[in-house]
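Visitor: okay, sequence plus prediction incoming.
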Amino acid sequence: MSLNPRLVKESFSVIEPVADKATAYFYGRLFAENPHLRGMFPPAMDVQRDRLFSSLTRIVWSLDSPDGLAGFLGQLGRDHRKYGVIAEHYTAVGNALLATIRRFAADVWNHEIEAAWVSAYSAAANLMIGAAESDAGVSPAWWLAEVVGHERRHRDIAVLTLRPTQRLPYQPGQYVSVQTSRWPRVWRTFSIANAPRADNTITLHVRSVPGGWVSTALIRHTGVGDTLMLGPPMGTMTPRENSVRDVLCVAGGTGLAPLKAIVESIIASGRRPAIHLMYGARSADELYDLPDLIRLESSFPWLRVLPVVSGQPGYEGMRGHLPEVTQRFRSWTDHDVYVCGPAGMVNETVRRLQGDGVPLVRIHRDVAHAER
Ligand SMILES: NC(=O)C1=CN([C@@H]2O[C@H](COP(=O)(O)OP(=O)(O)OC[C@H]3O[C@@H](n4cnc5c(N)ncnc54)[C@H](O)[C@@H]3O)[C@@H](O)[C@H]2O)C=CC1
(Lines give C-alpha, C1' and ligand atoms only; values in the text may rest on other atoms or scores of the structure.)
Protein backbone atom coordinates (compact mmCIF):
# COMPACT_ATOMS: atom_id res chain seq x y z
CA MET A 1 0.00 0.00 0.00
CA SER A 2 1.52 3.35 -1.01
CA LEU A 3 1.42 6.44 1.18
CA ASN A 4 -1.65 8.61 0.91
CA PRO A 5 -0.79 11.87 2.72
CA ARG A 6 -4.11 13.51 1.82
CA LEU A 7 -6.22 10.91 3.64
CA VAL A 8 -3.94 10.99 6.66
CA LYS A 9 -4.05 14.80 6.85
CA GLU A 10 -7.83 15.02 6.40
CA SER A 11 -8.54 12.54 9.17
CA PHE A 12 -5.89 14.08 11.41
CA SER A 13 -7.46 17.53 11.08
CA VAL A 14 -10.66 16.05 12.60
CA ILE A 15 -8.64 15.10 15.69
CA GLU A 16 -6.63 18.31 16.12
CA PRO A 17 -9.45 20.22 17.92
CA VAL A 18 -9.74 17.39 20.49
CA ALA A 19 -6.01 16.76 20.79
CA ASP A 20 -6.02 16.71 24.61
CA LYS A 21 -8.67 14.03 24.82
CA ALA A 22 -7.11 11.99 22.03
CA THR A 23 -3.61 11.96 23.57
CA ALA A 24 -5.02 11.07 27.02
CA TYR A 25 -6.93 8.20 25.40
CA PHE A 26 -3.84 7.10 23.48
CA TYR A 27 -1.70 6.78 26.61
CA GLY A 28 -4.55 5.19 28.61
CA ARG A 29 -4.92 2.55 25.92
CA LEU A 30 -1.17 2.04 25.49
CA PHE A 31 -0.64 1.43 29.22
CA ALA A 32 -3.79 -0.70 29.64
CA GLU A 33 -2.62 -3.03 26.86
CA ASN A 34 1.08 -2.86 27.76
CA PRO A 35 1.43 -2.17 31.50
CA HIS A 36 5.18 -2.85 31.37
CA LEU A 37 5.65 0.30 29.25
CA ARG A 38 4.35 2.65 31.96
CA GLY A 39 7.69 2.55 33.81
CA MET A 40 9.46 4.05 30.78
CA PHE A 41 7.51 7.31 31.13
CA PRO A 42 7.67 10.01 33.83
CA PRO A 43 5.07 10.01 36.62
CA ALA A 44 3.45 13.23 35.32
CA MET A 45 2.48 12.88 31.67
CA ASP A 46 1.40 16.43 30.73
CA VAL A 47 4.55 17.49 28.85
CA GLN A 48 4.83 14.03 27.31
CA ARG A 49 1.32 14.38 25.90
CA ASP A 50 2.10 17.76 24.35
CA ARG A 51 5.29 16.39 22.85
CA LEU A 52 3.57 13.39 21.35
CA PHE A 53 1.00 15.57 19.69
CA SER A 54 3.46 18.15 18.41
CA SER A 55 5.67 15.39 16.92
CA LEU A 56 2.63 13.74 15.36
CA THR A 57 1.47 17.08 13.95
CA ARG A 58 4.87 17.73 12.44
CA ILE A 59 5.01 14.22 10.92
CA VAL A 60 1.50 14.35 9.46
CA TRP A 61 1.92 17.81 7.91
CA SER A 62 5.36 16.90 6.48
CA LEU A 63 4.24 13.68 4.77
CA ASP A 64 4.53 15.47 1.41
CA SER A 65 8.19 16.41 1.95
CA PRO A 66 9.92 13.06 2.48
CA ASP A 67 13.48 14.41 2.78
CA GLY A 68 12.80 16.76 5.68
CA LEU A 69 10.57 14.14 7.29
CA ALA A 70 13.22 11.42 7.04
CA GLY A 71 15.75 13.71 8.75
CA PHE A 72 13.31 14.50 11.55
CA LEU A 73 12.30 10.84 12.07
CA GLY A 74 15.93 9.75 12.03
CA GLN A 75 16.72 12.18 14.86
CA LEU A 76 13.59 11.11 16.73
CA GLY A 77 14.50 7.41 16.39
CA ARG A 78 18.05 8.01 17.65
CA ASP A 79 16.71 10.15 20.50
CA HIS A 80 14.29 7.40 21.59
CA ARG A 81 17.22 5.09 22.36
CA LYS A 82 17.72 7.00 25.60
CA TYR A 83 14.27 5.86 26.82
CA GLY A 84 15.18 2.22 26.16
CA VAL A 85 12.78 1.99 23.20
CA ILE A 86 13.25 -1.13 21.04
CA ALA A 87 11.65 -2.22 17.76
CA GLU A 88 8.78 -4.20 19.34
CA HIS A 89 7.55 -1.12 21.23
CA TYR A 90 6.64 0.45 17.89
CA THR A 91 3.98 -2.23 17.33
CA ALA A 92 2.37 -1.44 20.69
CA VAL A 93 2.45 2.31 19.97
CA GLY A 94 1.10 1.77 16.43
CA ASN A 95 -1.86 -0.27 17.72
CA ALA A 96 -2.75 2.34 20.34
CA LEU A 97 -2.37 5.16 17.81
CA LEU A 98 -4.61 3.49 15.25
CA ALA A 99 -7.25 2.74 17.90
CA THR A 100 -7.14 6.40 18.98
CA ILE A 101 -7.51 7.81 15.48
CA ARG A 102 -10.25 5.35 14.62
CA ARG A 103 -12.17 6.48 17.68
CA PHE A 104 -11.68 10.25 17.41
CA ALA A 105 -12.09 10.43 13.63
CA ALA A 106 -15.02 7.96 13.71
CA ASP A 107 -17.26 10.28 11.66
CA VAL A 108 -14.99 10.11 8.62
CA TRP A 109 -13.36 6.70 9.19
CA ASN A 110 -13.29 4.05 6.44
CA HIS A 111 -11.04 1.23 5.18
CA GLU A 112 -9.07 3.52 2.90
CA ILE A 113 -8.21 5.91 5.72
CA GLU A 114 -7.22 3.00 7.94
CA ALA A 115 -4.91 1.67 5.20
CA ALA A 116 -3.39 5.15 4.72
CA TRP A 117 -2.61 5.41 8.46
CA VAL A 118 -1.18 1.87 8.61
CA SER A 119 1.20 2.56 5.73
CA ALA A 120 2.20 6.03 7.02
CA TYR A 121 2.85 4.69 10.51
CA SER A 122 4.86 1.69 9.36
CA ALA A 123 6.98 3.87 7.04
CA ALA A 124 7.64 6.32 9.92
CA ALA A 125 8.36 3.53 12.44
CA ASN A 126 10.74 1.80 10.02
CA LEU A 127 12.70 5.03 9.53
CA MET A 128 12.96 5.53 13.31
CA ILE A 129 13.94 1.90 13.96
CA GLY A 130 16.50 1.93 11.14
CA ALA A 131 18.09 5.16 12.40
CA ALA A 132 18.23 3.84 15.99
CA GLU A 133 19.83 0.57 14.84
CA SER A 134 22.54 2.24 12.79
CA ASP A 135 23.22 4.69 15.62
CA ALA A 136 23.58 1.85 18.14
CA GLY A 137 26.80 0.74 16.45
CA VAL A 138 28.51 4.11 16.68
CA SER A 139 27.08 6.17 19.49
CA PRO A 140 25.86 5.79 23.09
CA ALA A 141 22.09 5.99 23.76
CA TRP A 142 22.81 8.78 26.26
CA TRP A 143 25.80 10.55 27.79
CA LEU A 144 26.79 11.21 31.39
CA ALA A 145 28.11 14.71 31.95
CA GLU A 146 29.74 16.30 34.97
CA VAL A 147 28.82 19.87 35.89
CA VAL A 148 32.11 21.78 35.81
CA GLY A 149 30.70 25.31 35.94
CA HIS A 150 27.52 26.80 37.41
CA GLU A 151 27.06 30.59 37.25
CA ARG A 152 23.90 32.20 38.50
CA ARG A 153 23.56 35.24 36.22
CA HIS A 154 20.08 36.35 37.36
CA ARG A 155 17.51 35.16 39.90
CA ASP A 156 15.99 32.86 37.26
CA ILE A 157 18.90 32.28 34.88
CA ALA A 158 22.03 30.15 35.17
CA VAL A 159 24.82 29.30 32.74
CA LEU A 160 26.03 25.72 33.20
CA THR A 161 29.15 24.16 31.74
CA LEU A 162 29.18 20.36 31.45
CA ARG A 163 31.86 17.86 30.57
CA PRO A 164 30.41 14.71 28.96
CA THR A 165 32.37 11.57 29.89
CA GLN A 166 32.39 10.45 26.24
CA ARG A 167 32.86 12.54 23.12
CA LEU A 168 29.64 14.36 22.21
CA PRO A 169 29.63 15.29 18.50
CA TYR A 170 27.20 18.06 17.52
CA GLN A 171 26.65 20.91 15.10
CA PRO A 172 26.51 24.55 16.30
CA GLY A 173 22.85 25.48 16.83
CA GLN A 174 21.74 22.00 17.96
CA TYR A 175 20.18 21.13 21.32
CA VAL A 176 20.33 18.24 23.77
CA SER A 177 17.80 16.85 26.22
CA VAL A 178 18.83 16.84 29.86
CA GLN A 179 17.75 14.69 32.81
CA THR A 180 18.66 15.38 36.44
CA SER A 181 18.80 12.74 39.17
CA ARG A 182 16.09 14.68 40.98
CA TRP A 183 13.47 13.88 38.31
CA PRO A 184 14.09 10.46 36.75
CA ARG A 185 12.65 9.96 33.25
CA VAL A 186 11.85 13.67 32.87
CA TRP A 187 13.84 15.14 29.97
CA ARG A 188 13.92 18.79 28.85
CA THR A 189 15.78 20.27 25.92
CA PHE A 190 18.38 23.06 26.03
CA SER A 191 20.50 24.44 23.21
CA ILE A 192 24.23 24.07 23.31
CA ALA A 193 25.48 27.65 23.57
CA ASN A 194 28.95 27.20 22.09
CA ALA A 195 30.70 26.02 18.96
CA PRO A 196 32.40 22.61 19.46
CA ARG A 197 35.40 22.88 21.81
CA ALA A 198 38.60 20.85 21.93
CA ASP A 199 37.95 19.87 25.58
CA ASN A 200 34.45 18.47 24.74
CA THR A 201 32.72 20.75 27.31
CA ILE A 202 29.37 22.32 26.46
CA THR A 203 27.56 25.32 27.93
CA LEU A 204 23.79 25.60 28.47
CA HIS A 205 21.70 28.71 29.24
CA VAL A 206 18.85 27.82 31.58
CA ARG A 207 15.94 29.97 32.68
CA SER A 208 13.64 28.53 35.33
CA VAL A 209 10.06 28.58 34.14
CA PRO A 210 7.10 28.37 36.56
CA GLY A 211 6.41 24.69 37.25
CA GLY A 212 9.54 23.76 35.25
CA TRP A 213 10.92 20.74 37.10
CA VAL A 214 14.16 20.32 35.22
CA SER A 215 15.00 24.02 34.74
CA THR A 216 14.37 24.73 38.44
CA ALA A 217 16.45 21.72 39.49
CA LEU A 218 19.28 22.85 37.19
CA ILE A 219 19.27 26.38 38.58
CA ARG A 220 18.58 25.84 42.27
CA HIS A 221 19.59 22.29 43.11
CA THR A 222 22.56 21.56 40.87
CA GLY A 223 26.20 22.45 41.44
CA VAL A 224 29.74 21.76 40.30
CA GLY A 225 30.55 18.05 40.64
CA ASP A 226 26.97 16.84 40.00
CA THR A 227 26.25 14.47 37.14
CA LEU A 228 23.51 14.92 34.52
CA MET A 229 22.31 12.71 31.68
CA LEU A 230 22.21 14.05 28.11
CA GLY A 231 20.36 12.75 25.07
CA PRO A 232 21.81 12.91 21.54
CA PRO A 233 22.15 16.35 19.89
CA MET A 234 19.19 17.26 17.67
CA GLY A 235 17.95 20.14 15.55
CA THR A 236 18.47 21.57 12.10
CA MET A 237 19.11 25.27 12.75
CA THR A 238 22.81 25.06 11.88
CA PRO A 239 24.98 27.66 10.08
CA ARG A 240 25.04 27.73 6.27
CA GLU A 241 28.72 26.98 5.83
CA ASN A 242 29.12 27.91 2.18
CA SER A 243 27.16 31.14 2.35
CA VAL A 244 28.89 34.42 1.54
CA ARG A 245 26.10 36.56 2.94
CA ASP A 246 26.18 38.79 5.98
CA VAL A 247 24.33 37.46 9.01
CA LEU A 248 21.51 38.65 11.24
CA CYS A 249 20.80 36.84 14.52
CA VAL A 250 17.70 37.76 16.53
CA ALA A 251 17.86 36.33 20.06
CA GLY A 252 15.03 36.60 22.62
CA GLY A 253 16.09 35.79 26.21
CA THR A 254 17.75 32.39 26.57
CA GLY A 255 16.96 31.84 22.89
CA LEU A 256 20.42 33.43 22.62
CA ALA A 257 22.05 30.03 23.32
CA PRO A 258 22.01 28.42 19.84
CA LEU A 259 22.69 31.76 18.15
CA LYS A 260 25.81 32.30 20.24
CA ALA A 261 26.99 28.85 19.12
CA ILE A 262 26.35 29.83 15.49
CA VAL A 263 28.16 33.18 15.87
CA GLU A 264 31.15 31.46 17.51
CA SER A 265 31.30 28.88 14.73
CA ILE A 266 31.19 31.54 11.99
CA ILE A 267 34.05 33.34 13.72
CA ALA A 268 36.01 30.06 14.07
CA SER A 269 35.44 29.26 10.37
CA GLY A 270 37.66 32.14 9.31
CA ARG A 271 34.85 33.72 7.26
CA ARG A 272 34.43 37.44 7.74
CA PRO A 273 30.77 38.29 7.23
CA ALA A 274 29.29 41.25 9.06
CA ILE A 275 27.20 39.77 11.90
CA HIS A 276 24.45 41.74 13.65
CA LEU A 277 23.24 40.09 16.86
CA MET A 278 20.04 41.66 18.18
CA TYR A 279 19.77 40.46 21.78
CA GLY A 280 16.47 41.17 23.54
CA ALA A 281 15.27 40.90 27.14
CA ARG A 282 12.46 42.34 29.19
CA SER A 283 14.82 44.21 31.57
CA ALA A 284 18.51 45.15 31.53
CA ASP A 285 19.36 42.66 34.30
CA GLU A 286 17.97 39.85 32.14
CA LEU A 287 20.63 40.55 29.49
CA TYR A 288 22.48 37.81 31.36
CA ASP A 289 25.20 37.18 28.77
CA LEU A 290 25.98 40.74 27.66
CA PRO A 291 29.49 41.00 29.21
CA ASP A 292 30.52 37.81 27.38
CA LEU A 293 29.03 39.02 24.11
CA ILE A 294 30.84 42.35 24.45
CA ARG A 295 34.11 40.42 24.90
CA LEU A 296 33.33 38.43 21.75
CA GLU A 297 32.53 41.67 19.91
CA SER A 298 35.87 43.21 20.89
CA SER A 299 37.76 40.18 19.57
CA PHE A 300 35.92 40.11 16.22
CA PRO A 301 35.45 43.54 14.63
CA TRP A 302 32.78 42.31 12.17
CA LEU A 303 30.37 41.44 15.01
CA ARG A 304 27.91 44.03 16.34
CA VAL A 305 25.91 43.16 19.44
CA LEU A 306 22.76 45.25 19.86
CA PRO A 307 20.99 44.84 23.22
CA VAL A 308 17.27 45.66 23.21
CA VAL A 309 15.08 45.97 26.31
CA SER A 310 11.30 45.76 26.07
CA GLY A 311 9.87 46.22 29.57
CA GLN A 312 11.91 48.86 31.38
CA PRO A 313 10.89 52.44 30.50
CA GLY A 314 14.00 54.02 32.10
CA TYR A 315 16.48 51.91 30.11
CA GLU A 316 18.89 54.18 28.26
CA GLY A 317 19.80 51.90 25.36
CA MET A 318 17.60 50.58 22.55
CA ARG A 319 14.05 49.97 23.76
CA GLY A 320 11.11 48.06 22.28
CA HIS A 321 10.05 44.62 21.15
CA LEU A 322 12.66 42.69 19.22
CA PRO A 323 10.62 42.03 16.05
CA GLU A 324 9.77 45.68 15.59
CA VAL A 325 13.21 47.03 16.59
CA THR A 326 14.89 44.56 14.21
CA GLN A 327 12.62 45.67 11.39
CA ARG A 328 13.18 49.36 11.90
CA PHE A 329 16.97 49.06 12.38
CA ARG A 330 17.75 48.54 8.66
CA SER A 331 16.87 46.31 5.70
CA TRP A 332 17.94 42.65 6.00
CA THR A 333 16.95 41.40 2.55
CA ASP A 334 20.49 40.29 1.64
CA HIS A 335 21.24 38.48 4.94
CA ASP A 336 21.19 34.94 6.27
CA VAL A 337 18.88 35.20 9.28
CA TYR A 338 18.73 33.05 12.43
CA VAL A 339 15.92 33.62 14.94
CA CYS A 340 15.39 32.02 18.36
CA GLY A 341 13.42 32.85 21.49
CA PRO A 342 9.81 32.70 22.71
CA ALA A 343 7.45 31.35 20.02
CA GLY A 344 5.48 34.63 19.76
CA MET A 345 8.67 36.63 19.22
CA VAL A 346 10.03 34.18 16.65
CA ASN A 347 6.79 34.10 14.65
CA GLU A 348 6.41 37.87 14.67
CA THR A 349 10.06 38.45 13.68
CA VAL A 350 9.77 35.99 10.79
CA ARG A 351 6.48 37.56 9.67
CA ARG A 352 7.96 41.08 9.59
CA LEU A 353 11.19 40.05 7.87
CA GLN A 354 9.25 38.14 5.25
CA GLY A 355 6.97 41.13 4.76
CA ASP A 356 10.09 43.23 4.12
CA GLY A 357 11.24 40.84 1.39
CA VAL A 358 13.64 38.46 3.16
CA PRO A 359 13.06 35.12 1.41
CA LEU A 360 11.79 32.43 3.81
CA VAL A 361 14.55 30.02 2.72
CA ARG A 362 17.09 32.39 4.23
CA ILE A 363 15.34 32.62 7.61
CA HIS A 364 16.44 29.78 9.91
CA ARG A 365 14.72 28.76 13.11
CA ASP A 366 14.18 25.52 14.89
CA VAL A 367 10.47 25.03 14.97
CA ALA A 368 10.22 21.97 17.22
CA HIS A 369 12.67 23.35 19.73
CA ALA A 370 11.37 26.93 19.81
CA GLU A 371 7.87 25.65 20.51
CA ARG A 372 8.71 23.33 23.31
N1 LIG B 1 17.42 27.89 26.94
C2 LIG B 1 17.59 27.48 25.70
O3 LIG B 1 18.53 26.74 25.41
C4 LIG B 1 16.64 27.88 24.60
C5 LIG B 1 15.48 28.57 24.85
N6 LIG B 1 14.60 28.79 23.84
C7 LIG B 1 13.35 29.46 24.06
O8 LIG B 1 13.62 30.82 24.22
C9 LIG B 1 12.61 31.40 25.03
C10 LIG B 1 13.31 32.29 26.01
O11 LIG B 1 12.42 32.82 26.90
P12 LIG B 1 12.79 33.99 27.92
O13 LIG B 1 14.25 33.99 28.24
O14 LIG B 1 11.83 33.82 29.04
O15 LIG B 1 12.45 35.29 27.06
P16 LIG B 1 11.55 36.54 27.45
O17 LIG B 1 10.15 36.14 27.61
O18 LIG B 1 12.23 37.21 28.59
O19 LIG B 1 11.64 37.41 26.12
C20 LIG B 1 12.86 37.73 25.51
C21 LIG B 1 12.64 38.78 24.45
O22 LIG B 1 11.60 38.40 23.54
C23 LIG B 1 10.63 39.44 23.46
N24 LIG B 1 9.29 38.81 23.36
C25 LIG B 1 8.77 37.90 24.20
N26 LIG B 1 7.54 37.53 23.79
C27 LIG B 1 7.28 38.25 22.66
C28 LIG B 1 6.17 38.31 21.74
N29 LIG B 1 5.07 37.57 21.91
N30 LIG B 1 6.26 39.17 20.70
C31 LIG B 1 7.37 39.90 20.51
N32 LIG B 1 8.43 39.89 21.32
C33 LIG B 1 8.40 39.08 22.39
C34 LIG B 1 10.77 40.23 24.72
O35 LIG B 1 10.35 41.55 24.51
C36 LIG B 1 12.26 40.15 24.97
O37 LIG B 1 12.96 41.08 24.18
C38 LIG B 1 11.79 30.27 25.61
O39 LIG B 1 10.58 30.19 24.91
C40 LIG B 1 12.63 29.04 25.32
O41 LIG B 1 11.83 27.90 25.10
C42 LIG B 1 14.86 28.42 22.56
C43 LIG B 1 16.01 27.77 22.26
C44 LIG B 1 17.00 27.50 23.24
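Guide: Arrived safely, thanks for sending. Numbers count the residues shown, from 1 in each chain.
Visitor: remind me which residues of this protein are low pLDDT?
Guide: For the chain, the stretches with pLDDT under 70 are 1-2, 367-372.
Visitor: that one against the ligand: which residues are in contact?
Guide: Counting by Cβ under 6 Å from any ligand atom, the chain comes close to the ligand at 190-191, 205-207, 252-255, 257-258, 280-282, 286, 308, 310, 321-323, 340-342, 344-345, 348, 369-370, 372. (C-beta placed from N, C-alpha, C; glycine too.)
Visitor: count the neighbours of the closest residue to Leu69 other than its chain neighbours for me.
Guide: In space, and not counting its chain neighbours, Leu69 is closest to Ser62: 4.3 Å by Cβ to Cβ, 6 or more residues apart in numbering. Using other Cβ atoms under 10 Å, Ser62 is surrounded by 17 other residues.
Visitor: Ser62 and Gly71 touch, don't they?
Guide: No. Counting by Cβ atoms under 8 Å, Ser62 does not reach Gly71; the two are 9.8 Å apart.
Visitor: quick one: which helix or strand includes Arg304?
Guide: For Arg304, the host element (DSSP states H and E) is strand 303-309.
Visitor: typo on my end, it should be Val206
Guide: strand 202-207.
Visitor: for that strand, name the packing helices and strands.
Guide: strand 157-164, strand 188-191, helix 213-220, helix 256-269 (3 or more Cβ pairs under 8 Å, 6 or more residues apart in numbering; DSSP states H and E).
Visitor: nearest to Glu114, of those?
Guide: Closest to Glu114 of the helices and strands packed on strand 202-207, according to Cβ to Cβ: strand 188-191, at 33.8 Å.
Visitor: not counting its own residues, what contacts that closest one?
Guide: 47, 173-178, 204-206, 212-215, 234-235, 257-258, 261, 340, 369, 372 (Cβ atoms under 8 Å, 6 or more residues apart in numbering).
Visitor: and the buried ones among these, selectable in PyMOL?
Guide: Filtering the contacts of strand 188-191 down to the buried ones (16 or more other Cβ atoms under 10 Å) takes a single PyMOL command:
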select buried, resi 47+173+174+175+176+177+178+204+205+206+212+213+214+215+234+235+257+258+261+340+369
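Visitor: which helix or which strand is home to Arg153?
Guide: strand 143-154.
Visitor: how about the contacts made by Leu69?
Guide: Residues near Leu69 by Cβ under 8 Å, 6+ apart: Ile59, Ser62, Leu63, Ala124.
Visitor: ok, and the closest non-adjacent residue to Val350?
Guide: Ile363 (5.5 Å).
Visitor: I'd say that neighbour and Val337 touch.
Guide: Yes. Assessed by Cβ under 8 Å, Ile363 is found in contact with Val337 at 4.6 Å.
Visitor: burial of the closest residue to the ligand within the stretch 151-300 of the chain, as a residue count?
Guide: Closest to the ligand within the stretch 151-300 of the chain is Gly253: 2.0 Å, counting by Cβ to the nearest ligand atom. Gly253 has 21 neighbours, counted by other Cβ under 10 Å.
Visitor: give me the helices and strands touching the longest helix that the chain contains, please.
Guide: For the chain, the helix with the greatest residue count under DSSP state H is helix 111-136. Judged by 3+ Cβ pairs under 8 Å, 6+ apart, the packing partners of helix 111-136 are helix 5-15, helix 66-79, helix 87-104.
Visitor: possible to save the ones you listed as JSON lines with distance to Ser243?
Guide: Shown next, in JSON lines, are those (distance: least, Cβ to Cβ, whole Å):
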{"stretch": "helix 5-15", "distance to Ser243": "32"}
{"stretch": "helix 66-79", "distance to Ser243": "20"}
{"stretch": "helix 87-104", "distance to Ser243": "38"}
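Visitor: closest one to Ile219 among those?
Guide: helix 66-79 (24.1 Å).
Visitor: can you give me the angle that closest one makes with helix 87-104?
Guide: Between helix 66-79 and helix 87-104, the angle comes out at 120 degrees (axes from the mean of the first three to the mean of the last three Cα atoms, to 10 degrees).
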